[in-house]
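# I'll drop the sequence and a predicted model, then ask my questions.
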Amino acid sequence: MKASFQPYSLIFKQPSGTSRGVLHTKETFILTIEKGNKIGIGECALFRGLSYDDVPGYKEKMQWLCDNINEDFGLLKSELLHFPSILFGLEQAILNLEQGSDIYFPSEFTSNQASIRINGLIWMGKVDFMKKQIEEKLSNGFSCIKLKIGINWVEEKKILQELRKIYLPSELEIRVDANGGFSPYEITQVLEDLANLEIHSIEQPIKKGNIEEMSRICKNPPIPIALDEELIGVLKYEEKMNLLKKINPQYIILKPALVGGFASCDEWISIAENLEIGWWITSALESNIGLNAIAQYTFSKNNKMPQGLGTGALFTNNFPTNLLLVEDKLYFKK
């Protein structure tokens, strides 16, 4: 086998706001493995400012992988433990090399016999911009939306109140994602406000690393708490077990590119289910290459909740895809 990689810069159609700032571009790396006349493609979806492996030497580690691609997979996996996004790309490329075409996890999904229900993501921004996004999602048939919050809670709360005046919880499931945007001191009131609005859940209400505070928040909260960024950089099985036992959240959110790929997600899911913790899977601004692989993996896990998968429509220069969104359902069509 031989391997190579290529940096690629995804360009947003319009700036996208999070509590970590406004995004204009998204850097990623495409990994290609060749064996005879077969080719496997994967995406090493580095997320600057968020990925655990956003460190000096990233490209050098990519080159190391390419130079050592014929080594035992166990050795490669051990060497890449601290580079979760590269391990994620390697898994994809190997799976794709085995399956061919655009397939990673063959299933009823990839044979166009089933779909994945997803939530509609509402990006942070000015009130009018957020309202416009919500109207578009609702008119397109979404019954579950997720709002990014944590920049201006007063205005964000007003939007949620307006939504609840129009849509009952039975008609519209609302999730919110704070990306760690609230302080431990203000989150108690925010959670009460959200509970009064019958919000489904909140992701990462405070910054990661505040284990004792997060554990306190997750103990009998007025609405379910989901860990997201808290999982990033937790690499070993024992560390994952200890974290979930300590905090005991109601949900965890799994982003394969950020937590070390599909095998790592399998570990998180196994631990969570043993502890009776719910979970769902979310993409993290991958190109259509990584998104395709994540969608196929997600279907294989048979979770009936709406998943947090993108649609590839954010970028002006994305790769061609077989993924097709119809209302709130994601399909794979040849």
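That came through, no problem. Numbering: from 1, shown residues only.

# strands of the stretch 1-150 of the chain, start to end?
Secondary structure of the stretch 1-150 of the chain (DSSP state E, counting those that start in this stretch): strands located at 2-18, 21-35, 38-44, 116-117, 120-122, 144-148.

# of those strands, give the one that comes closest to I134.
Evaluated with CB to CB, those place strand 120-122 nearest to I134, the distance being 5.8 Å. Glycine gets a C-beta too; all of them are placed from N, C-alpha and C.

# parallel or antiparallel, list what pairs with that closest one.
strand 144-148 (parallel) (DSSP bridges).

# past the strand it pairs with, which element shows up next along the chain?
In the C-terminal direction, the helix or strand that comes right after strand 144-148 (DSSP states H and E) is helix 153-166.

# among the strands of the stretch 1-150 of the chain, which comes closest to L323?
Closest among the strands of the stretch 1-150 of the chain, using CB to CB: strand 116-117, at 9.5 Å.

# please report the distance of N288 from K13.
Note on N288: its distance to K13, by CB to CB, to the nearest Å, is 14 Å.

# so between these two, which is more surrounded?
N288 (22 against 11; other CB atoms under 10 Å).

# how close does that one sit to L191?
Look at N288 and L191: by CB to CB, they are 36 Å apart.

# show me what contacts I281?
Applying CB atoms under 8 Å, 6 or more residues apart in numbering, we find I281 in contact with 253-256, 265, 294, 297-298, 301, 303, 307-309.

# got a pLDDT number for it?
Looking at I281, its pLDDT reads 98.

# what of the one 10 residues further on?
Here the pLDDT value assigned to L291 is 98.

# I'd say it and T321 touch.
Yes - under the criterion of CB atoms under 8 Å, L291 makes contact with T321 at 7.3 Å.

# got any residues that touch both of the two?
What both L291 and T321 touch, as defined by CB under 8 Å, 6+ apart, is the set G312.

# ok, these two, which is more surrounded?
Just comparing L291 and T321: by other CB under 10 Å the higher neighbour count belongs to L291, 25 against 18.

# tell me what angle whichever strand or helix holds the more buried one forms with strand 2-18.
Here L291 sits within helix 288-300, counting by DSSP H and E. Put simply, helix 288-300 runs at 80 degrees to strand 2-18, going by axes from the mean of the first three to the mean of the last three CA atoms, to 10 degrees.

# can you point me to the longest helix in the chain?
Using DSSP state H, we find that the single longest helix of the chain is helix 84-99.

# list the buried residues in that helix.
Neighbour counts using 16 or more other CB atoms under 10 Å place 84-97, 99 of helix 84-99 among the buried residues.

# now the helices for the stretch 101-250 of the chain?
Under the criterion DSSP state H, counting those that start in this stretch, the stretch 101-250 of the chain contains helices at 127-139, 153-166, 187-196, 211-218, 237-247.

# out of those helices, flag the one nearest I116.
Among these, helix 127-139 comes nearest to I116, with 16.4 Å by CB to CB.

# quick one: list the elements packing against that closest one.
If contacts are counted by 3 or more CB pairs under 8 Å, 6 or more residues apart in numbering; DSSP states H and E, helix 127-139 sits against strand 120-122, strand 144-148, helix 153-166.

# flag the shaky bits of the stretch 101-250 of the chain, pLDDT-wise.
Within the stretch 101-250 of the chain, not a single segment meets pLDDT under 70.

# much appreciated, bye for now.
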